[in-house]
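Novice: What follows is a predicted protein model with its sequence.
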Amino acid sequence: MSRLDVNSVLGLSIALSCVFAGIVLEGGTAQSLLQLTAFIMVFGGTIGAVMLQTPIKTFYSGIKMLSWVFFPPQYASDDLVEKISSWGLTAYREGILKLDSQSYDIDIPFMRKGLELLIDGANAEKIKEVLEVDINAFEQYNRQAIRIWDAAAGYAPTLGIVGAVVGLIHVMENLSDPSKLGSGIAVAFVSTLYGVGLANLFFLPVYNKLQTIIHHHIVWREMLVDGLMSIANRESPRSIEDKLNGYIP
């Protein structure tokens, strides 16, 4: 079951708090940053541009993966080493077919598929060949999905500049009416702040965090493949455990 990633919550809170603290220390107010026009242009324009370049299924997958930043899927390497070592011990003492009853209790499709290949008598190379296809598909699909956050980080500052230009156009159109100049200037500066802020305080950190999570998932899968191949090669349980512990820092 996923647990809250306190580090992500704390990091985002510190980043936003420091920005608002800086505004207050300079004599401003947080309310001065609340510009609906600027937000619509920057955030809405960024989302629209990302949707334009991304297939709809990939886009929604990337949006759903945002939850991983705060509730990352739990794939414990220590637990995997323990489980594979247990399988290796059973296979070493009683034979691989004795693992058949354990496959029904596995709720991770990739793990179940690998164990079933082993039980069906596939050799080490066949297990590697079949499971590496799954790993490559997993990696390509998920890395493509999270690229929406990298793209958003690229578009947001540009849309911030667009918002600034729109605000300055509004100012130029109302030079004869000083009462309307303030709102135009506010939109111009706040749009730039929204663009740069969203890119560097949210979009880029989310993209980099998701890259790290996907990397951990891939390493976990590679550990599983390596362990299953070792069992197929009739390696000793102690040798399998030592090998898999090498994956863990």
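Specialist: Cool, got the structure. Numbers count the residues shown, from 1 in each chain.

Novice: Spatially, and excluding backbone neighbours, which residue is closest to the residue nearest to the spatial centre of the chain.
Specialist: Nearest to the geometric centre of the chain sits L210, at 2.0 Å (CA atoms, centre = their mean). Closest residue to L210 apart from its sequence neighbours, by CB to CB, 6 or more residues apart in numbering: I146 at 4.2 Å. In this view, the C-beta of every residue, glycine as well, is placed from N, C-alpha and C.

Novice: State the next helix or strand along the chain beyond the worst-scoring helix or strand of the chain on mean pLDDT.
Specialist: For the chain, using mean pLDDT, DSSP states H and E, the weakest element among its helices and strands is helix 181-198, scoring a mean of 80. Downstream of helix 181-198, the next assigned helix or strand under DSSP states H and E is helix 204-232.

Novice: what's that following helix packed up against?
Specialist: Using 3 or more CB pairs under 8 Å, 6 or more residues apart in numbering; DSSP states H and E, the elements in contact with helix 204-232 are helix 6-25, helix 66-70, helix 77-94, helix 109-119, helix 124-173, helix 237-245.

Novice: Adding mean pLDDT, mean neighbour count and distance to F189, write the ones you listed out as JSON lines.
Specialist: As requested, the helices and strands packed on helix 204-232 are exported to JSON lines (pLDDT from 0 to 100; neighbours: other CB atoms under 10 Å; distance: least, CB to CB, whole Å):
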{"stretch": "helix 6-25", "mean pLDDT": "88", "mean neighbour count": "12", "distance to F189": "12"}
{"stretch": "helix 66-70", "mean pLDDT": "94", "mean neighbour count": "17", "distance to F189": "28"}
{"stretch": "helix 77-94", "mean pLDDT": "89", "mean neighbour count": "17", "distance to F189": "48"}
{"stretch": "helix 109-119", "mean pLDDT": "93", "mean neighbour count": "18", "distance to F189": "50"}
{"stretch": "helix 124-173", "mean pLDDT": "92", "mean neighbour count": "18", "distance to F189": "7"}
{"stretch": "helix 237-245", "mean pLDDT": "89", "mean neighbour count": "17", "distance to F189": "55"}
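
Novice: picking that back up, my guess is the residue nearest to L210 contacts I214. True?
Specialist: Yes: applying CB atoms under 8 Å as the test, I146 and I214 come out as touching, 7.0 Å apart.

Novice: want to throw the helices and strands packed on helix 204-232 into CSV with distance to P55?
Specialist: As requested, the helices and strands packed on helix 204-232 are exported to CSV (distance: least, CB to CB, whole Å):
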stretch, distance to P55
helix 6-25, 27
helix 66-70, 18
helix 77-94, 33
helix 109-119, 24
helix 124-173, 9
helix 237-245, 37
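
Novice: Identify whichever of those lies nearest to Y60.
Specialist: For Y60, the closest of the helices and strands packed on helix 204-232 is helix 124-173, at 8.7 Å, according to CB to CB.

Novice: how far out from the middle of the chain is that closest one?
Specialist: 11 Å (CA atoms, centre = their mean, to the nearest Å).

Novice: Output the contacting helices and strands for it.
Specialist: helix 36-39, helix 45-53, helix 56-64, helix 109-119, helix 181-198, helix 204-232.

Novice: D150 is nearest to which of those helices?
Specialist: Nearest of the helices and strands packed on helix 124-173 (CB to CB): helix 204-232, 4.5 Å.

Novice: related to what we said a few turns ago, can I get the CA coordinates of the least confident helix or strand of the chain in PDB?
Specialist: Once non-C-alpha atoms are left out, helix 181-198 reads as follows in PDB (Å, rounded to 0.1, in the frame of the first residue of the first chain):
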ATOM      1  CA  LEU A 181      -2.600  51.100 -15.800                       C
ATOM      2  CA  GLY A 182      -2.100  49.300 -12.500                       C
ATOM      3  CA  SER A 183      -4.100  46.200 -13.400                       C
ATOM      4  CA  GLY A 184      -2.200  45.800 -16.700                       C
ATOM      5  CA  ILE A 185       1.200  46.200 -15.100                       C
ATOM      6  CA  ALA A 186       0.200  43.700 -12.400                       C
ATOM      7  CA  VAL A 187      -0.900  41.100 -15.000                       C
ATOM      8  CA  ALA A 188       2.400  41.600 -16.900                       C
ATOM      9  CA  PHE A 189       4.600  40.900 -13.900                       C
ATOM     10  CA  VAL A 190       2.500  38.300 -12.200                       C
ATOM     11  CA  SER A 191       2.200  36.300 -15.500                       C
ATOM     12  CA  THR A 192       6.000  36.100 -15.700                       C
ATOM     13  CA  LEU A 193       6.200  35.000 -12.100                       C
ATOM     14  CA  TYR A 194       3.600  32.300 -12.700                       C
ATOM     15  CA  GLY A 195       5.400  31.000 -15.700                       C
ATOM     16  CA  VAL A 196       8.800  30.800 -14.100                       C
ATOM     17  CA  GLY A 197       7.400  29.700 -10.700                       C
ATOM     18  CA  LEU A 198       5.300  26.900 -12.100                       C
END
